[in-house]
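1. got a sequence here, can you build the structure:
(one chain, ligands or ions: 1)
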Amino acid sequence: MTTTTATAAAPATTTVLDASGVTMRFGGLTAVRDVSLTVNSGEIVGLIGPNGAGKTTFFNCLTGLYVPTEGKVSYKGTVLPPKPHLVTQAGIARTFQNIRLFANMTVLENVLVGRHTRTKEGLWSALLRLPGFKRAEEESRERAMELLEFTGLAAKADHLARNLPYGEQRKLEIARALASDPGLILLDEPTAGMNPQETRAAEELIFAIRDKGIAVLVIEHDMRFIFNLCDRVACLVRGEKLIEGTPAEVQGDERVIAAYLGTPFEGAPGAEEVAEVEAAEAHAEAAAATADADGTPEAPAKAAAPAADADAEAPEDDSPEGDAPHGSGAPDIDAEPSTTEGDTK
Ligand SMILES: Nc1ncnc2c1ncn2[C@@H]1O[C@H](COP(=O)(O)OP(=O)(O)OP(=O)(O)O)[C@@H](O)[C@H]1O
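-> Numbers count the residues shown, from 1 in each chain. As a prediction, the model looks like this:
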């Protein structure tokens with residue numbers, strides 16, 4: 001028998017999102033300045049930057065909430081009109097920093113709302129409940145249930161959205177965004193306010209979304225999450241793209257570190273002072289360990305314990321109130337998702 005070694009053809013990469021030279025000015029303030037970014041098929045791209053760097057404004061330019069002062073945004077080669085519903089129809093879905101669910105609707109109904117851009121039946125068909133409408137309604141329901149299975153919420157399909165724990169409300173937002181069958185999903189701080197278990201589950205979910213062939217662009221303040229998740233990361237600072245590269249490149253870039261931690265100020269402790277402090281601390285620790293070895297046998301064992309994964313120890317806590325927010329998105333469930341222009345987070 002002859003064996004042939006087939007070289008698996010690498011799936012062709014296509015540019016899903018192409019934002020070029022995007023600038024957004026609010027009066028005298030330039031919130032985003034000449035930012036270009038692409039997202040390719042099969043990619044998870046991260047957008048990071050300190051508070052007020054322009055990340056959400058950039059998202060709003062991509063999704064038609066804002067009309068960029070300059071620049072253009074294309075999806076799969078077609079320039080997008082700056083109208084949110086047309087952007088969704090084209091294939092881009094998003095979630096918001098502040099959760100926007102229909103609090104008094106069920107989980108399933110929330111996902112069905114997200115389906116409306118993909119249903120073609122008109123008003124008369126709905127009012128007269130024509131066969132075409134019933135068929136479309138059934139299909140939408142099936143698709144919505146599939147998405148609830150996918151996001152792990154199927155068992156709660158009949159629960160009111162407002163009664164879900166915080167992490168599940170965020171998942172439901174993602175399920176609703178996926179209901180429009182997007183080719184690209186934009187996630188604005190998907191783990192804000194989540195506990196470590198919920199954050200890990202969100203990470204798994206985003207990988208699974210990517211594996212379904214949906215490209216992902218994600219804003220996040222949780223660096224461990226973003227560097228673990230993304231193929232590429234871009235960092236915005238004061239509206240400008242400072243750097244774009246692999247997680248390793250961005251993580252190690254001194255300008256990124258300076259942007260987050262602040263540039264060293266004049267008179268800050270230099271290397272010599274730091275070494276002195278560290279030596280003094282090491283000396284104090286060694287002295288304490290010797291004293292403990294004489295008197296208290298448990299202490300050295302504690303000191304030798306490996307740095308435990310704090311996350312693994314964290315208690316299960318589904319309650320929104322129990323979660324310490326990572327980012328700026330506090331639980332904020334609206335009775336009706338806000339569509340006012342003022343609420344663009
Ligand atoms: N509608 C608006 N009118 C005027 N200024 C705005 C508007 N939206 C955003 N800005 C300003 O633009 C700048 C960038 O804000 P943006 O919310 O995009 O930052 P961000 O990086 O998303 O911050 P965060 O991480 O805190 O969410 C800020 O100075 C903000 O005050």
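2. low pLDDT regions in the stretch 51-200 of the chain?
-> 118-133 (pLDDT under 70).
3. can you list the residues of it near the ligand?
-> Within reach of the ligand by CB under 6 Å from any ligand atom, the stretch 51-200 of the chain has these residues: N51, G52, A53, G54, K55, T56, T57. C-beta here means a position set from N, CA and C on the backbone, and glycine is covered the same way.
4. what about G167, neighbour count?
-> Neighbour count of G167, defined by other CB atoms under 10 Å: 21.
5. any idea how far I174 is from it?
-> Computed as CB to CB, to the nearest Å, the G167 to I174 distance reads 11 Å.
6. what do you get for L148?
-> 11 Å.
7. again, but for K156
-> Counting by CB to CB - K156 and I174 are separated by 14 Å.
8. among those two, which residue is more densely surrounded?
-> The neighbour count for K156 versus I174, taken as other CB under 10 Å, is higher for I174 (23 against 19).
9. in what helix or strand does the more buried one lie?
-> helix 166-178 (DSSP states H and E).
10. just how off-centre is that helix within its chain?
-> 11 Å (CA atoms, centre = their mean, to the nearest Å).
11. stretch 16-27 too?
-> Averaging C-alpha positions (CA atoms, centre = their mean) puts stretch 16-27 19 Å from its chain's average.
12. model confidence over that stretch, on average?
-> Mean per-residue pLDDT for stretch 16-27: 97.
13. which SSE is the residue nearest to V250 when sequence neighbours are not counted in?
-> For V250, ignoring the flanking residues on the chain, the nearest one in space by CB to CB, 6 or more residues apart in numbering is V233 at 4.4 Å. Here V233, judged by DSSP H and E, is contained in strand 232-237.
14. how about V16?
-> Going by DSSP H and E, V16 is in strand 15-26.
15. before we move on, back to that, which strands and helices lie in contact with the helix holding I174?
-> Helix 166-178 sits against strand 92-94, helix 107-114, helix 131-151, strand 184-188, helix 196-211, with contacts defined as 3 or more CB pairs under 8 Å, 6 or more residues apart in numbering; DSSP states H and E.
16. picking up where we left off before, can you select the buried ones among the residues of the stretch 51-200 of the chain next to the ligand for me in ChimeraX?
-> In ChimeraX, this line selects whichever of those come out buried by 16 or more other CB atoms under 10 Å:
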select :53,54,55,56,57
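17. thinking again about what came up before, which residues are contacting the strand holding V233?
-> 32, 35, 37, 43, 45-50, 53-55, 58, 226-227, 241-247, 250, 253, 255-256, 259 (CB atoms under 8 Å, 6 or more residues apart in numbering).
18. sorry, back to before: could you export the helices and strands packed on helix 166-178 as a markdown table, including mean neighbour count?
-> As requested, these are exported to a markdown table (neighbours: other CB atoms under 10 Å):
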| stretch | mean neighbour count |
| --- | --- |
| strand 92-94 | 24 |
| helix 107-114 | 22 |
| helix 131-151 | 16 |
| strand 184-188 | 25 |
| helix 196-211 | 18 |
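19. list the buried ones in the helix or strand encompassing A259?
-> Under DSSP H and E, the secondary-structure element containing A259 is helix 254-261. If you call a residue buried by 16+ other CB under 10 Å, then helix 254-261 has these buried ones: V256, A259.
20. same check, this time on stretch 60-68
-> Judged by neighbour count using 16+ other CB under 10 Å, the buried positions of stretch 60-68 are N60, C61, L62, T63, G64, L65, Y66, P68.
21. keep only those of the residues you listed that are in helices.
-> N60, C61, L62 (DSSP state H).
22. quick check, nearest of these to the ligand?
-> N60 (7.5 Å; CB to the nearest ligand atom).
23. hmm, L187 and R94 touching each other?
-> Yes. In this structure R94 lies within contact range of L187 using CB atoms under 8 Å: 7.4 Å.
24. what are the contacting residues of the strand holding V16?
-> By CB under 8 Å, 6+ apart, strand 15-26 touches 30-41, 43, 54, 57-58, 60-62, 66, 68-77, 92, 183-184, 215, 217.
25. just the buried positions in it, please.
-> Buried residues in strand 15-26, counted by 16+ other CB under 10 Å: V16, L17, D18, A19, V22, T23, M24.
26. which element is T57 on?
-> helix 55-62.
27. how far off strand 232-237 does that helix point, in degrees?
-> With axes from the mean of the first three to the mean of the last three CA atoms, to 10 degrees defining the directions, helix 55-62 sits at 110 degrees from strand 232-237.
28. next SSE downstream of helix 55-62?
-> Next along from helix 55-62, by DSSP H and E: strand 70-75.
29. and that following strand with strand 184-188, angle?
-> Using the same axes, to 10 degrees, the direction of strand 70-75 lies 120 degrees away from that of strand 184-188.
30. which stretches of the stretch 201-345 of the chain have low pLDDT?
-> Within the stretch 201-345 of the chain, the ranges that satisfy pLDDT under 70 run 261-275, 277, 292-343, 345.
31. hmm, try it at 90
-> 252, 254, 256-345 (pLDDT under 90).
32. on that earlier part again, list buried residues within the contacts of strand 232-237.
-> Among these, those buried by neighbour count (16+ other CB under 10 Å) are 32, 35, 37, 43, 45-50, 53-55, 58, 226-227, 241-244, 247, 250, 253, 256, 259.
33. ok, L217 to the ligand distance?
-> Applying CB to the nearest ligand atom, to the nearest Å, the value for L217 to the ligand is 13 Å.
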